[in-house]
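Peer 1: structure here, sequence nowhere to be found:
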């Protein structure tokens, strides 16, 4: 007996036509990669779960509103939504600029980890990550995609090749050119991307 595995595109089409099972299949197919991508950035499981849930709520609403145009890159699109929601979270957190002592067993404010030096290092690290993300956004779309999938989504080059419908050599080539272009951009903008 042959098992028929439907493509992401087929499942999206079925969901849009009113089959709710299709979206469950899509979520189950991609949940580990999307969740891994989010947790790598936020590093807190509960927060990652919240952003993951928000991501798929936005995916469902966008599909229902006809905002998704299939280009064979459903996972990339979902990861982009997850990334944007993660950035939104950090922006809101930065605006609130508060630290809670409730989530820690010891007194957070009486800790070496909260000393000025570490706060400064954290701010510098955060700024470096923001600068790198801005540079990545300046890359051509195919190079940007391979960097996001590889370094933020932790996909293998084989998975990237499958996801973007290119050969592994093409995916590797795009990564190579992306890194070359990032170096050029770093030189062009005379950026320092190191913590002291």
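Peer 2: Looks like it arrived, so ask away. On a predicted model such as this, the values are computed, not experimentally measured, just so you know.

Peer 1: give me the element residue 76 is part of.
Peer 2: Assigned by DSSP states H and E, residue 76 belongs to helix 74-96.

Peer 1: what pLDDT does the closest residue to residue 170 other than its chain neighbours get?
Peer 2: Leaving aside its sequence neighbours, residue 170 sits nearest to residue 161 (CB to CB, 6 or more residues apart in numbering; 7.1 Å). In short, each C-beta sits where N, CA and C put it, glycine included. On the pLDDT scale, residue 161 is placed at 85.

Peer 1: mind listing what the residue sitting nearest the centre point of the chain touches?
Peer 2: With distances taken as CA atoms, centre = their mean, residue 83 lies nearest the centre of the chain, 3.9 Å away. Residues in contact with residue 83 (CB atoms under 8 Å, 6 or more residues apart in numbering) are 37, 41, 148, 152.

Peer 1: from the contact counts, what lies against the helix or strand of the chain at the bottom of the mean pLDDT ranking?
Peer 2: Counting by mean pLDDT, DSSP states H and E, the chain has its least confident helix or strand at helix 116-137, which shows a mean of 75. Here helix 116-137 touches helix 141-147, helix 168-188, going by 3 or more CB pairs under 8 Å, 6 or more residues apart in numbering; DSSP states H and E.

Peer 1: and the shortest one, what does it pack against?
Peer 2: Going back to what we said before, that points to helix 141-147. Counting by 3+ CB pairs under 8 Å, 6+ apart, the packing neighbours recorded for helix 141-147 are helix 116-137, helix 157-164, helix 168-188.

Peer 1: might you calculate how far that helix sits from the centre of the chain?
Peer 2: 12 Å (CA atoms, centre = their mean, to the nearest Å).

Peer 1: buried ones in that helix?
Peer 2: For helix 141-147, the neighbour count (16 or more other CB atoms under 10 Å) marks 143, 144, 145, 146, 147 as buried.

Peer 1: which other residues reach that helix?
Peer 2: 73, 76, 136-137, 139, 160, 164, 171, 174-175, 177-178, 181.

Peer 1: and which of the residues you listed is nearest residue 88?
Peer 2: For those, the closest approach to residue 88 (CB to CB) belongs to residue 137, at 15.4 Å.

Peer 1: start and end of stretch 155-175, how far apart?
Peer 2: End-to-end distance for stretch 155-175: 13 Å, by CA to CA, to the nearest Å.

Peer 1: what's it in contact with?
Peer 2: Against stretch 155-175 from outside (CB under 8 Å, 6+ apart): 33, 72, 73, 75, 76, 142, 143, 145, 146, 147, 149, 150.
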